[in-house]
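Visitor: sequence first, then the predicted structure:
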Amino acid sequence: MDNVIVNHELHYTAEGISLKGVKEVGEFSEREAYLTLHANSLKIRGSNLKVKEVDLDKGIVKITGSLVLVEYGKSGSGESLIKKLFK
């Protein structure tokens with residue numbers, strides 16, 4: 001079961017970003033958000049970022065604001081980004 005790949009979806013509109021397949025919200029501010037997906041990490045950078053919806057049971061996160069950067073990273077260990085930052 002460790003080799004199961006879980007897909008995610010990312011939808012970008014003028015209002016913000018909608019994600020499916022989110023495992024954890026690691027850190028969030030008005031300028032940055034760090035999310036953990038099942039196989040990757042995701043960094044979102046912008047201004048006036050606000051969480052519109054979070055349902056981690058369904059893996060859904062919706063963020064509004066002015067987006068500048070959406071960047072994927074590898075999250076192979078499964079640890080949250082907060083835990084990695086404070087090691």
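Guide: Perfect, thanks for sending it. Numbering: from 1, shown residues only.
Visitor: distance check, the residue lying closest to residue 19 once chain neighbours are set aside against residue 15.
Guide: Of all residues not flanking residue 19 in the chain, residue 61 sits nearest, at 4.8 Å (Cβ to Cβ, 6 or more residues apart in numbering). Where C-beta positions appear, they are placed from N, C-alpha and C, glycine not excepted. The gap separating residue 61 from residue 15 is 14 Å, by Cβ to Cβ, to the nearest Å.
Visitor: try residue 46
Guide: Distance of residue 46 to residue 15, computed by Cβ to Cβ: 12 Å.
Visitor: which one of these two is surrounded by more residues?
Guide: residue 46 (19 against 11; other Cβ atoms under 10 Å).
Visitor: name the helices or strands packed onto the helix or strand containing that one?
Guide: In this assignment (DSSP states H and E), residue 46 forms part of strand 40-55. Packing partners of strand 40-55 (3 or more Cβ pairs under 8 Å, 6 or more residues apart in numbering; DSSP states H and E): strand 16-20, strand 22-28, strand 32-37, strand 60-74.
Visitor: who are the contact partners of the closest residue to residue 45 other than its chain neighbours?
Guide: The shortest distance from residue 45 to any non-neighbouring residue, by Cβ to Cβ, 6+ apart, is to residue 69 (4.0 Å). By Cβ atoms under 8 Å, 6 or more residues apart in numbering, the residues touching residue 69 are 43, 44, 45, 46.
Visitor: residue 20 too?
Guide: Residue 20 neighbours (Cβ under 8 Å, 6+ apart): 8, 9, 58, 59, 60.
Visitor: beta partners of the spatially most central residue of the chain?
Guide: Central residue of the chain (Cα atoms, centre = their mean): residue 35, 2.8 Å from the mean position. For residue 35, the beta-bridge assignment (DSSP bridges) gives partners residue 25, residue 42.
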